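Visitor: Take this sequence and fold it.
(2 chains)
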Amino acid sequence: MAMVRLDKLSKNYGDVVALEEVDLEVEEGEFMTLLGPSGSGKTTMLNLIAGMIAPTSGRVFIDGRDVSTVPPNKRGLGMVFQNYALMPHMTIFENIAFPLRVRKTANDVVKREVGRVLDLIQLPHVADRKPRELSGGQQQRIALARAIVYNPSIILMDEPLGALDKKLRETMQLELKRIHTELGITMLYVTHDQEEALTMSDRIILLSDGQIEQMGEPDHLYFNPNGLFSADFLGDSNMLDATVESGGETTSVRTAEGLTLIAKASAISEPGRSVKVMVRPENVSIRRSDESFDNAIQGKVIDSIILGGVVKHYVDMGRGTAEEEAMVVEELNRPGRTSIRPGVEVTLGWNASDMHVLPLEGRLPDA
Amino acid sequence: MAAVEKPVGSARSSGAIFLKITAWFGFLFLLMPSFIVLPMSFGNQYEMVFPPDSFSTYLYEQFFFQSNWMDATFLSFRVAISSTILALVLGVPAAYSIVRGTYPGKRYVAMFLMSPILVPIIVIALGLYLYFASLGIVGTEIGLIFAHTMFTTPFVIVTSMAGLRHVDQSLETAATIMGAGVMQTFFKVTLPLLKPAMFAGGLFAFLMSFDEVVIAYFIADTGRMTLPVKMFNSIQWEISPVLAAVSALLTVLSLVVCVLAASFQKKS
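Guide: Below you'll find the model as predicted:
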């Protein structure tokens, strides 16, 4: 059964639509991520579920109960904030005990439960300290422990790792994932960081302008973007303006530069239609003589950048030499890789199955 | 090259010295009354002279044991403490409502609550006198307490509002989502975090009430005078040298309270 269900949920601030008729179901035990740029409505959605703001229309169900008019303290939720929101005047023990004390839990139970979650987050020795004596990462783990300790039906997280540095963020991502797997608790996670979303989520909801742009498993979103926004927001992409020439098992298009390319089958392949075609940089190869691809184009290397494990080549394919006009190729960096110097003529190749046809605006119909 | 190694900003430092000297003159000017009163309080028992021509603690003995000065002092303490408590009880929730509330017309409520600061104190004193006369509490201790509560509450509101703005609202949100009701959140989260601001505001209110003379002069009667009112009276009728001792003690009390407030604010 769905742990959280949103039914045509909308929120307007005057004339501004923050969230527009969103329908959503989060399954029990699921790690669901709300992903989107700032202003996309993801925090509004979280606050509507938490009850911090009232919806303009629509309903919120938690654990099968209509909570649309229930105050936040009666919704039985847990929440982790970006700034931790630990009580500075309480010890770590009292911070974690707070939700239990509010529920008038017996003292020995409080002691046992706080001990249990401190073990779970692997910080068993900090009970007597004050929050300010802990590091940011430790404080966030305490905040998580505090959200777990009273077994809420769902834990909401509002960019909880946003204040941490990159290394610590990656450790905490794995830590969160471990705790999620261990407890099987339902989590609704808000972030604007696509990598974070791809790393942790069972499912991702991509939001833009108060609407759900696309929803699905990370792989599905990455490999099958349903529109320009999804393709652009998740991962890197090469986009080309094109006109459909013919549809069928593959889609044949003619680009603005006059190239004929073959893309995969599409629902919008009526001949003559203006579209964008997209291919991910890691699916484009610099062709060697013994390889063949469905698509091959000539270009001149503008620049090559080594990013550690991967190398990015910017190739002028006749559109211009600016970074956004170049075709981006990404390949793994290995010892013995033939280095490619700027100015060299290369042939780029990729297969039809890696090239997507996307509408100029809006979204593809659901597959 | 050695000649170049004149410290940077040495041209400026003569200006800095001038500034320092001016500042010290300013301090001295402000402290002068205290410097005059303190030696005088250890002086002659018959008249106030400066500099004192003898040394004795006679005036302090007089203040503590010989006269009805202590009655006025105790009354001042009772009034100051009671009105401070009342001002906190009224002011803190009012500040909470102004800072955290979302109702329309909030600004006007705030302005109304602050209005005693804007009205000339003599007008307040007269208004309270006429009002309290009709209630029949002129010349009573409770009348004094109420009057001073009204006088000090705006200051408690101001300090509490400043304090509340420093209390991270997400802490209250967190408490609410964890299941705490409005009252629980207020008493377990907001109030403990507001303590330093309340303490500072309370001390301030205490001092203001203890020093206040205009309102107290209107409300008090001859049998029930606060310390400043009695001082004012005695300077009009008798110019008792005990005044010097009282002034010295008042100065010390103010100093102690201010140091307390400052150290408490530093600690939090």
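
Visitor: I'd like the distance between residue A:363 and chain B.
Guide: From residue A:363 across to chain B, the span is 33 Å (CB to the nearest CB, to the nearest Å). For every residue, glycine as well, the C-beta is placed using N, CA and C.

Visitor: so what does whichever helix or strand residue A:328 is part of touch, helix or strand wise?
Guide: Here residue A:328, judged by DSSP states H and E, is contained in strand A:327-332. Contacts defined by 3 or more CB pairs under 8 Å, 6 or more residues apart in numbering or on different chains; DSSP states H and E place strand A:327-332 against strand A:285-286, strand A:310-316.

Visitor: neighbouring strands for that strand, and are they parallel or not?
Guide: strand A:310-316 (antiparallel) (DSSP bridges).

Visitor: Put the alpha carbons of the strand it pairs with into CSV.
Guide: Taking Å, rounded to 0.1, in the frame of the first residue of the first chain, the C-alpha atoms of strand A:310-316 are listed here in CSV:
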residue,chain,number,x,y,z
VAL,A,310,37.2,10.3,-17.6
VAL,A,311,38.4,12.5,-20.5
LYS,A,312,36.2,15.0,-22.2
HIS,A,313,36.8,16.0,-25.8
TYR,A,314,35.1,19.1,-27.3
VAL,A,315,34.7,18.6,-31.0
ASP,A,316,33.7,21.3,-33.6
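
Visitor: mind checking how far it is from the chain centre?
Guide: With CA atoms, centre = their mean, to the nearest Å as the basis, strand A:310-316 stands 25 Å off its chain's centre.

Visitor: contacts for it?
Guide: With contacts defined as CB atoms under 8 Å, 6 or more residues apart in numbering or on different chains, strand A:310-316 is touched by A:281-282, A:286, A:299-305, A:323, A:325-333, A:337, A:340, A:346, A:348.

Visitor: Could I get the average pLDDT for that strand?
Guide: Averaging pLDDT along strand A:310-316 yields 91.

Visitor: near chain A, which residues of chain B show up?
Guide: Contacts of chain B with chain A, taken as CB under 8 Å from any CB of the partner chain, map to B:168, B:170-171, B:173-181, B:184, B:188-189, B:192-193.

Visitor: make it 10 Å
Guide: Counting by CB under 10 Å from any CB of the partner chain, chain B comes close to chain A at B:167-182, B:184-185, B:188-189, B:191-193, B:195, B:268.

Visitor: Tell me if I'm right that residue B:248 and residue B:241 touch.
Guide: No. Using CB atoms under 10 Å, residue B:248 makes no contact with residue B:241, being 11.6 Å away.

Visitor: list residues touching both of those two?
Guide: Residues touching both residue B:248 and residue B:241 (CB atoms under 10 Å, 6 or more residues apart in numbering or on different chains) are B:40, B:41, B:59.

Visitor: Who are the contact partners of residue A:321?
Guide: Residue A:321 makes contact with A:300, A:302, A:303, A:314, A:315, according to CB under 10 Å, 6+ apart.

Visitor: so the residue of the stretch 151-300 of chain A found nearest chain B is in which element?
Guide: Ranked by CB to the nearest CB, the top residue of the stretch 151-300 of chain A for proximity to chain B is residue A:156, at 7.9 Å. Secondary-structure assignment from DSSP H and E places residue A:156 in strand A:154-158.

Visitor: what's the distance between that strand and the middle of its chain?
Guide: 15 Å.

Visitor: Break down chain B into its helices, ranges please.
Guide: B:10-41, B:58-61, B:69-100, B:106-118, B:121-135, B:141-166, B:169-177, B:182-185, B:191-211, B:214-219, B:227-237, B:242-267 (DSSP state H).

Visitor: In TSV: those, plus mean neighbour count.
Guide: Formatted as TSV, the helices of chain B follow (neighbours: other CB atoms under 10 Å in any protein chain shown):
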stretch	mean neighbour count
helix B:10-41	12
helix B:58-61	18
helix B:69-100	20
helix B:106-118	13
helix B:121-135	15
helix B:141-166	22
helix B:169-177	21
helix B:182-185	14
helix B:191-211	20
helix B:214-219	22
helix B:227-237	18
helix B:242-267	16
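
Visitor: Now those helices in TSV, please, with extra columns for mean pLDDT.
Guide: Shown next, in TSV, are the helices of chain B (pLDDT from 0 to 100):
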stretch	mean pLDDT
helix B:10-41	83
helix B:58-61	81
helix B:69-100	93
helix B:106-118	89
helix B:121-135	93
helix B:141-166	93
helix B:169-177	92
helix B:182-185	91
helix B:191-211	91
helix B:214-219	92
helix B:227-237	85
helix B:242-267	82
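
Visitor: And these: which comes nearest residue A:34?
Guide: Of all the helices of chain B, it is helix B:169-177 that lies closest to residue A:34, at 16.9 Å by CB to CB.

Visitor: Packing partners of the closest one?
Guide: helix A:42-50, strand A:77-80, helix A:92-102, helix A:136-148, helix B:69-100, helix B:182-185 (3 or more CB pairs under 10 Å, 6 or more residues apart in numbering or on different chains; DSSP states H and E).

Visitor: returning to what we had before: who touches the strand holding residue A:328?
Guide: Strand A:327-332 has contacts (CB under 10 Å, 6+ apart) with A:236-238, A:240, A:279-286, A:297, A:299, A:301-302, A:304-305, A:307, A:309-319, A:337, A:340, A:346, A:348-350.

Visitor: which strands and helices sit next to whichever helix or strand comes after it?
Guide: Where DSSP H and E defines the elements, the next helix or strand beyond strand A:327-332 is strand A:345-350. If you count contacts as 3+ CB pairs under 10 Å, 6+ apart, strand A:345-350 packs onto strand A:260-264, strand A:285-286, strand A:295-306, strand A:310-316, strand A:327-332.

Visitor: got the angle for the last one vs strand A:295-306?
Guide: I take that to be strand A:327-332. Strand A:327-332 and strand A:295-306 meet at an angle of 70 degrees, taking axes from the mean of the first three to the mean of the last three CA atoms, to 10 degrees as the criterion.

Visitor: mind giving me the domain split of the chain?
Guide: In the absence of a named chain, this looks at chain A. Here the domain parsing of chain A from automatic domain parsing is A:2-229, A:236-359.

Visitor: wrong chain, I was asking about chain B
Guide: Taking automatic domain parsing as the reference, chain B has its domains at B:11-60, B:68-267.

Visitor: could you list every residue that touches the spatially most central residue of chain A?
Guide: For chain A, residue A:197 is the residue whose C-alpha lies nearest the centre (CA atoms, centre = their mean; 3.2 Å). Taking CB under 10 Å, 6+ apart, we find residue A:197 in contact with A:33-36, A:189-191, A:203-206, A:218, A:221, A:233-234.
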